[in-house]
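Undergrad: Quick one, what's the 3D model for this:
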Amino acid sequence: MMTLFSLPARDCLTRSRPTQNLGLRPWHVLLGVVIGALALAHASASAQTSAPAGNARPALSVSVIQPQNKALSERLSASGNIAPWQEAIISSDVDGLRLLEVKAQIADVVQAGQVLARYASDSLLIDLKQAEAGVMEAQANLANVRANTARTKELLDQGFLSAQSAERQGTNEQVAQAQLVRAQAALAALQLRLRQSEVRAPDQGVISSSSAVIGAVHGRGVELFRLIRQGRLEWRAEVTAAELARLRPGLSAQIRLADGTAVRGVVRTLAPTVDRQSRTALVYVDLPAMGQSAARAGSFVQGEFTLSQSNALTVPLSALVRREGFAYVYAVEAGDRVKRLKVQTGRLDADAIEITSGLGSDTRIVATGAAFLNDGDRVQVIPSPATNKP
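TA: Reported below is the predicted structural model:
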């Protein structure tokens, strides 16, 4: 039932005048307004209820992938220091001489036999001349004694000299021979000292430290340089006795430097003993030579040994969602609606993770953005970037 409200008589008279000109009654106008409002409300409600549920807006635009079979490695983690394979200490072999020239600096790559520093050798050259003169004098003396020995033998054969005189002459020849040997030894010592006044590299490598200062007077055995032989580095990884039993020479290893760079190496040898205090053993891993990677001696790094490899079903880490201690992926089914699947995970390799159960190899799953989805959400599937490549 519709109730019409009443107006005062005066208002009715004033408001009815325009309608009388059109031939309409006032209640006709009021009834038309009410009917129009009801029709508009009914049309709006019908439009809202007639929209099908299947046309709901997508919750998210996603790319879809399928699990991939990938060769995954079984790895063993360890940590340790990077150190030179062998470090040679280059020291002074002469004493009392002033360091005249330094020809090598830290980080220089040097060759075997290259001159690294030179001592002042003026005094050695003078001593060398004197030694050479001493050798010449000893040679002349020996020649004179040998000539006298020959004459003594002739006189002895002729009976003009006694046997005792001949024996004394033979002794003089032996003394002269010894003097010559001593003079030659002194000359050789000075020649050696002159050569040692030039400090040379014993092997090819990289200078790792230097304490050589021009003008310094060093004693014999004072350290001047340290040389990383052949520029070779190694990673000395610390592992437990149980982990040591799983390793062997020739296995592949990989370390990660402070800047995130990965450097690969090969196990060269295993320590024959386990430390009594730490209960750990060292594994020596050959790394690329200096200059071929960013590895630096003295760095403490983390790394992994590759024990074995096998095929596994993997998905990207971005497709995995962890909630309440469980792992899930979202499969895209008919109608572009997603279904949450609980999966079991295994080995991790870079940006991929192994799925051991709960997922088929032909299942289409959401690649990224799965954390923002709920079970049953409708999504809009967009082409994966990989499919757009030529």
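Undergrad: got the residue ranges for the helices in the stretch 201-350 of the chain?
TA: 241-244 (DSSP state H, counting those that start in this stretch).
Undergrad: Show me the domain layout of this structure.
TA: As assigned by automatic domain parsing, the chain contains the domains 57-85+235-390, 86-118+200-231, 121-196.
Undergrad: could those domains go into TSV alongside mean pLDDT and mean neighbour count?
TA: For every residue, glycine as well, the C-beta is placed using N, CA and C. Listed next are the domains of the chain as TSV, based on pLDDT from 0 to 100; neighbours: other CB atoms under 10 Å:
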stretch	mean pLDDT	mean neighbour count
domain 57-85+235-390	89	15
domain 86-118+200-231	93	16
domain 121-196	81	14
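Undergrad: can you give me the strands in the stretch 151-300 of the chain?
TA: Here the stretch 151-300 of the chain has its strands, by DSSP state E, counting those that start in this stretch, at 198-200, 205-210, 217-218, 223-229, 233-240, 252-256, 262-270, 280-287, 300-316.
Undergrad: Redo the ones you listed as JSON lines? Include distance to residue 344.
TA: JSON lines is the format used below for the strands of the stretch 151-300 of the chain (distance: least, CB to CB, whole Å):
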{"stretch": "strand 198-200", "distance to residue 344": "64"}
{"stretch": "strand 205-210", "distance to residue 344": "50"}
{"stretch": "strand 217-218", "distance to residue 344": "68"}
{"stretch": "strand 223-229", "distance to residue 344": "48"}
{"stretch": "strand 233-240", "distance to residue 344": "28"}
{"stretch": "strand 252-256", "distance to residue 344": "27"}
{"stretch": "strand 262-270", "distance to residue 344": "28"}
{"stretch": "strand 280-287", "distance to residue 344": "32"}
{"stretch": "strand 300-316", "distance to residue 344": "11"}
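Undergrad: Out of these, which is closest to residue 74?
TA: strand 300-316 (4.5 Å; CB to CB).
Undergrad: any idea how far that closest one is from the chain center?
TA: How far strand 300-316 lies from its chain's middle: 16 Å, per CA atoms, centre = their mean, to the nearest Å.
Undergrad: Determine how far the longest helix seen in the chain lies from the middle of the whole chain.
TA: The residue-count maximum for a helix in the chain (DSSP state H) belongs to helix 122-158. Between the mean C-alpha location of helix 122-158 and the chain-wide mean there is a distance of 68 Å, by CA atoms, centre = their mean.
Undergrad: ditto for stretch 84-98
TA: A distance of 31 Å separates the centroid of the chain from that of stretch 84-98, by CA atoms, centre = their mean.
Undergrad: And the contacts of it?
TA: 116, 119-121, 123-124, 193, 196-197, 199, 201-203, 205, 208, 215-230, 232-234, 286, 297 (CB atoms under 8 Å, 6 or more residues apart in numbering).
Undergrad: residues contacting the closest residue in space to residue 377 that isn't next to it in sequence?
TA: In space, and not counting its chain neighbours, residue 377 is closest to residue 59: 4.1 Å by CB to CB, 6 or more residues apart in numbering. Counting by CB under 8 Å, 6+ apart, residue 59 touches 372, 373, 374, 377, 378, 379.
Undergrad: Look up phi and psi at the second one.
TA: Here is the backbone geometry of residue 373 (degrees, to the nearest 10): phi -110, psi 160.
Undergrad: which one of the strands of the stretch 151-300 of the chain lies closest to residue 145?
TA: Nearest to residue 145, of the strands of the stretch 151-300 of the chain and by CB to CB, is strand 198-200 at 38.7 Å.
Undergrad: I'd like to know which elements the closest one is packed against.
TA: If you count contacts as 3 or more CB pairs under 8 Å, 6 or more residues apart in numbering; DSSP states H and E, strand 198-200 packs onto strand 115-119.
Undergrad: Can you give the strand pairings for the strand it packs on, parallel or anti for each?
TA: Paired with strand 115-119 in the same sheet, following DSSP bridges, are strand 97-102 (antiparallel), strand 198-200 (antiparallel).
Undergrad: okay, these in CSV with distance to residue 91 next?
TA: As requested, those are arranged in CSV below (distance: least, CB to CB, whole Å):
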stretch, distance to residue 91
strand 97-102, 13
strand 198-200, 8
